[in-house]
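**Q** Sequence first, then the predicted structure, then my questions.
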Amino acid sequence: MLIRTILVVSYILSCLFLLAAPWRFFQLNKHYFNKHKGIYSKQVINDLIPEAYRLNQWFDDACLEPSNYPVFVKPEWGQNSKGVQRVDDLDQLKAVRRKFYVSAQKYPLLVQESAKGAIEFEVFMLASSKSKDDYACLSITQVLNSATNPLPINGIHNPNTSYLDISDQFSSDELHQLWLLLKPIGNFNICRFGIKSDSKAHLLLGHFSIIEINLLLPMPMVLLSSNRSLKTKIGLALMLTWKMALLTRAQSQIHHLKAGSHQSLSPSVNKQGE
């Protein structure tokens with residue numbers, strides 16, 4: 001709770017200092033917001049992932065049955081593993097369907113095949129305010145689970161889940177290599193990738209599966225890591241929110257320039273029409 005409070009307060013203060021509008025944070029990934037549904041659709045975002053990294057995922061219509069189990073079912077909208085359930089056989093899937101559709105959920109149910117990688121990583125990326133071809137922050141966290149149950153649903157609401165910051169195990173060249181692998185997926189200003197791979201080496205070679213891409217409020221899990229002191233986490237939070245504020249200001253300036261360009265073109269267009 002303390003770290004989250006510091007993130008919010010520090011970001012607002014940084015924006016005010018830089019004369020940036022804090023509420024524009026929610027516009028950093030606006031191009032991927034589904035206006036028709038009013039959400040960041042997990043299915044639409046999943047379709048952006050190249051086939052080499054993408055897990056098979058589909059809207060459940062109560063007819064298509066998985067060819068292999070376990071699978072994971074989840075609502076089209078949500079974050080931090082909220083609403084995700086593991087299903088080990090057809091009977092469990094039918095039970096989940098009955099409960100889900102009886103409750104008249106607003107968004108449809110998704111079914112996703114399970115990833116095969118032995119290690120789960122959370123990769124947080126923040127774009128640079130100076131160049132869209134570079135990053136301002138990239139952190140890598142290994143997800144651990146103390147339970148013996150295979151293929152657990154990890155997340156901040158799972159008491160068995162913990163996080164280990166392993167960013168310093170990657171050289172600057174290796175971080176850039178990972179950035180080059182993930183950046184083409186989308187022009188995300190801020191995001192967090194959930195990834196399964198067998199090792200660090202496999203991750204850097206592009207041998208991995210992307211479980212999910214979080215675009216709404218992608219908190220860097222390094223701030224919840226068990227191997228970093230509170231002092232270190234606070235310092236990281238302050239550094240991160242300053243860079244987020246710089247990016248927010250830069251994006252606002254781009255928006256104003258585009259708006260001004262359209263306005264300046266309007267008179268000449270009207271004149272030609274006359």
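**A** In hand now; what should we look at? Computed from a prediction, not measured in an experiment: that's the story for all the values here.

**Q** Strands of the stretch 151-274 of the chain, residue ranges please.
**A** Assigned by DSSP state E, counting those that start in this stretch, the stretch 151-274 of the chain shows strands spanning 161-165, 190-197, 208-214.

**Q** closest one to residue 9 among those strands?
**A** With C-beta to C-beta, the closest approach to residue 9 among the strands of the stretch 151-274 of the chain belongs to strand 190-197: 18.1 Å. The C-beta positions use only the backbone N, C-alpha and C, and glycine is treated the same way.

**Q** helices and strands around the closest one, which ones?
**A** Applying 3 or more C-beta pairs under 8 Å, 6 or more residues apart in numbering; DSSP states H and E, we find strand 190-197 packed against strand 119-127, strand 208-214.

**Q** okay, now the domains of the protein?
**A** 2-39+116-247, 57-113 (automatic domain parsing).

**Q** which one of those has the most crowded surroundings?
**A** domain 2-39+116-247 (a mean of 17; mean count of other C-beta atoms under 10 Å).

**Q** Start and end of it, how far apart?
**A** Domain 2-39+116-247 has an end-to-end distance of 24 Å (criterion: C-alpha to C-alpha, to the nearest Å).

**Q** which residues of the stretch 51-200 of the chain score low on pLDDT?
**A** Residue ranges of the stretch 51-200 of the chain with pLDDT under 70: 102-105.

**Q** Which stretches in the protein count as helices?
**A** For the chain, the helices defined by DSSP state H cover 2-17, 42-46, 90-102, 172-182, 200-205, 230-273.

**Q** Kindly reformat those helices as JSON lines containing distance to residue 192.
**A** Listed next are the helices of the chain as JSON lines, based on distance: least, C-beta to C-beta, whole Å:
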{"stretch": "helix 2-17", "distance to residue 192": "14"}
{"stretch": "helix 42-46", "distance to residue 192": "12"}
{"stretch": "helix 90-102", "distance to residue 192": "26"}
{"stretch": "helix 172-182", "distance to residue 192": "11"}
{"stretch": "helix 200-205", "distance to residue 192": "15"}
{"stretch": "helix 230-273", "distance to residue 192": "12"}
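
**Q** Nearest to residue 219, out of the ones you listed?
**A** Short answer: helix 2-17, nearest of the helices of the chain by C-beta to C-beta, at 7.4 Å.

**Q** which helices and strands sit right next to the closest one?
**A** Packing partners of helix 2-17 (3+ C-beta pairs under 8 Å, 6+ apart): helix 230-273.

**Q** Take the domains of the chain and write them to JSON lines, including distance to residue 51.
**A** Output for the domains of the chain, formatted as JSON lines (distance: least, C-beta to C-beta, whole Å):
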{"stretch": "domain 2-39+116-247", "distance to residue 51": "11"}
{"stretch": "domain 57-113", "distance to residue 51": "12"}
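
**Q** Tell me which of these sits nearest to residue 50.
**A** Closest approach to residue 50 among those is made by domain 2-39+116-247 (6.9 Å; C-beta to C-beta).

**Q** tell me, what residue is most central in the chain?
**A** residue 214 (2.0 Å; C-alpha atoms, centre = their mean).

**Q** Now for that one: which residues touch it?
**A** Neighbouring residues of residue 214 by C-beta atoms under 8 Å, 6 or more residues apart in numbering: 79, 80, 191, 192, 193, 194.

**Q** For the fifth one, which non-adjacent residue is spatially closest?
**A** The spatial neighbour of residue 193 that comes closest, neighbours along the chain excluded (C-beta to C-beta, 6 or more residues apart in numbering), is residue 123 at 4.4 Å.

**Q** In contact with the one you found, which residues?
**A** Contacts of residue 123 (C-beta under 8 Å, 6+ apart): 138, 139, 140, 141, 178, 182, 192, 193, 195.

**Q** would a markdown table of the strands of the stretch 151-274 of the chain with distance to residue 251 be doable?
**A** As requested, the strands of the stretch 151-274 of the chain are exported to a markdown table (distance: least, C-beta to C-beta, whole Å):
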| stretch | distance to residue 251 |
| --- | --- |
| strand 161-165 | 28 |
| strand 190-197 | 10 |
| strand 208-214 | 19 |
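
**Q** Out of the ones you listed, which gets nearest to residue 21?
**A** Nearest of these (C-beta to C-beta): strand 190-197, 15.8 Å.

**Q** Before I go, just wanted to say thanks for your time.
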